[in-house]
Structures are given as C-alpha cells and as structure tokens.
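# Pasting the sequence and the predicted coordinates here, then a few questions.
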Amino acid sequence: MDLRGRAVLSWNRLQVLLMLFHTMARIMAEQEVENLSGLSTNPEKDIFVVRENGTTCLMAEFAAKFIVPYDVWASNYVDLITEQADISLTRGAEVKGRCGHNESELQVFWVDRAYMLKMLFVKESHNTSKGLEATWRLSKVQFVYDSSEKTHFKDAVSAGKHTANSHHLSALVTPAGKSYECQAQQTISLASSDPQKTVTMILSAVHIQPFDIISDFVFSEEHKCPVDEREQLEETLPLILGLILGLIIVVTLAIYHIHQKMTANQKLKKPSGINTVHRSEMWMSTLWPRETGSTHHVACTLFPEQSQP
C-alpha cells in the first residue's frame, strides 16, 4: 500500500473514532437526567432536568395530555366508528435528553414505553431594527403511541405503533437567556401515521428553559405568554380603576372642604361701620319726620329764617 492509501485509511479511521467519541458523549449527556415530578404540588405536572458536566442545561415543567382518535368496529362489524383516547403524561416517566449550543432535546417515555414524547428546541439569531437578537423556540414535537395498549384503547382497529409529528412548528418563542412560562392551555396539532387522524397535544402549567441556564436548578427570568399577560391585565385593571376612582373622590372631598371653609370665613367677617347708604337713610329720617307734619316746620328746620332788620 502506498503512502497516499495509508493516509486515506488513517483519515477514515480518525473519522470513525471521532464519530464514536461524539456518540459516546451524547449517550453520557443523555444519561444525566432527573425526574423531579415528585416535588411538584400539582399532581398533573411533571418536572424534568437535564444536566451536563454537573450543571443544569435544560429544565422543563409542564402538564401534557394527548387526545388520540382511533377506529373501532361498529356493532354490525361492517362500519367503523371513531373513538377518542385521552392520554396524560404520568409521573414516574423515564426521561432522556441532550443539550447543545443551538439545539436541545427532551424525550419522555411512560407506560412501559407504550408512549413517547420528543420535544426539539432550537436557538436562532435574527437581524432586527434593534440589531441582532437571539430567540429560542419549540421547533418539533413527536408523539409515539401504541393503540394496542389496553388502558386507553379499547379494541382499536389497526392496533399497533403510530407516530404523530408536528409540521413547521414555531411555538414557545422566547428571547435567549430567558425561560418560557405559561399557565394557560396551549394546543399543538400532530399529524398521525394512522390515516386521516390528527392527534391534539394540550400543554398547561408550562415553565421551560432549554438554553443558557445560569444557576443550577433555577430558571432564568420568565417570559410570559400573551394569554397570561392578558389575564393578568384583566385581573389588575379593576384594581387600578378602583384606585383612580378613590383618588378622584378624595380630591373632590378635599376641594369641597376647602371651599366650605373659605365661605364660612367670609361670613364671619363683619363690616367696621354702618353702610353709607344706610347711614344716609338714617340721617334723612331724623330730618324728615315719618309723621305728617308742617312743611314749613321742616323747611324752617332745614333753612331757618334770618331775623328782619
């Protein structure tokens, strides 16, 4: 074998070793997971943590339910009718996960792996009017279910494993460095491999952060969903309006009190002398008797006659 052939063989071996190393690293990362659902006060909510190198890199709290339509035979065994299975994510589920700089993944298995949920998160950067801004989002959801499982499916036709996938999903969009929180219900439609069937995934009480976790087991600042923000505004708006109305009433009463006080002070102030008009009337009354009297007398009173020489 010539030198060139040996170099190509060595390069191929190096690539294989790198692939094996990368695979082993991913396997080790997937094994560093914890199911902390027992710490939740909500019996329907699960808590999952993925750790790498002893540090939390993905945290997820949520309650999940899947509405799965399936066919059963009608009583005549000729026609098909559609039933519905309600499958909830239960506690004690097996969990796997991996973290990356721009892509993270969470996998959850329950009921002896009859059901599997996979959630893929991606982080992206976009040019905006404010400059380069990074966000993360839920980009893909996959749900695998076994309709031969008897707890939720009763005599399903075409029983077996089915896979339901999202298409062009962009959910839970959040600024990078923040966690996503939403108490309200959110629905995601998944197209099933079972012909003409659509699985509905319902998420609630969600708190997720798949990237940039600073403190171990601690979520970063919350980015609330629009529904929660609107409900919070609806709750606080009556309180704000009540405070404004109370302030208006207080100001109105204060102005009324000040006005009343000023009016009372003006009434208490008495004039220093008798009004000039009243004084003139009194003087004239002394000169002009009210009783009928001699005009001459009055005239004499006003203009006394001078003595004749």
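Arrived safely.
# Does residue 179 touch residue 214 like I think?
No: the criterion here is CB atoms under 8 Å, and residue 179 misses it with residue 214 at 10.8 Å. Glycine gets a C-beta too; all of them are placed from N, C-alpha and C.
# contacts for stretch 107-115?
With CB atoms under 8 Å, 6 or more residues apart in numbering as the test, stretch 107-115 has contacts from 46, 48, 66, 87, 89-90, 92-97, 116-119, 143-146, 149, 151.
# Show me which residues of it are buried.
107-111, 114-115 (16 or more other CB atoms under 10 Å).
# between the residues you listed, which is closest to residue 169?
The closest of the buried residues of stretch 107-115 to residue 169 turns out to be residue 107 (CB to CB; 16.5 Å).
# thinking again about what came up before, next step: the buried residues of stretch 107-115 restricted to strands.
The members of the buried residues of stretch 107-115 that map onto strands under DSSP state E are 107-110, 115.
# closest to residue 168 among the residues you listed?
For these, the nearest to residue 168 is residue 107 (21.3 Å; CB to CB).
# Can you spell out which residues form a bridge with that closest one?
Bridge pairing for residue 107 (DSSP bridges) gives the partners residue 96, residue 118.
# Among the buried residues of stretch 107-115, which one lies nearest to residue 206?
Closest approach to residue 206 among the buried residues of stretch 107-115 (CB to CB): residue 108, at 14.1 Å.
# mind checking how far the closest one is from residue 101?
23 Å (CB to CB, to the nearest Å).
# what do you get for residue 84?
With CB to CB as the criterion, residue 84 and residue 101 are 41 Å apart.
# Same question for residue 170.
From residue 170 to residue 101 the distance is 20 Å (CB to CB).
# So the two - more neighbours on which side?
Higher neighbour count among residue 170 and residue 101: residue 170, with 12 against 8, using other CB atoms under 10 Å.
# What subset of the contacts of stretch 107-115 is buried?
46, 48, 66, 87, 89, 93, 95-97, 116-119, 143-146, 149.
# All the strands of the stretch 1-150 of the chain, residue numbers only.
Applying DSSP state E, counting those that start in this stretch to the stretch 1-150 of the chain gives strands spanning 33-35, 46-52, 55-73, 80-88, 94-98, 103-110, 115-128, 131-146.
# export these to TSV and tack on distance to residue 258?
TSV is the format used below for the strands of the stretch 1-150 of the chain (distance: least, CB to CB, whole Å):
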stretch	distance to residue 258
strand 33-35	67
strand 46-52	60
strand 55-73	56
strand 80-88	65
strand 94-98	68
strand 103-110	65
strand 115-128	54
strand 131-146	54
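# Quick check: which element contains residue 267?
For residue 267, the enclosing helix or strand under DSSP states H and E is helix 226-268.
# what is the mean pLDDT for that helix?
The average pLDDT for helix 226-268 rounds to 72.
# Make TSV from the strands of the stretch 1-150 of the chain and add distance to residue 201 and mean pLDDT to it.
Below are the strands of the stretch 1-150 of the chain laid out as TSV (distance: least, CB to CB, whole Å; pLDDT from 0 to 100):
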stretch	distance to residue 201	mean pLDDT
strand 33-35	20	91
strand 46-52	14	95
strand 55-73	6	97
strand 80-88	10	97
strand 94-98	17	95
strand 103-110	12	98
strand 115-128	8	95
strand 131-146	6	96
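# State the distance from residue 153 to residue 205.
26 Å.
# cool, and residue 89?
12 Å.
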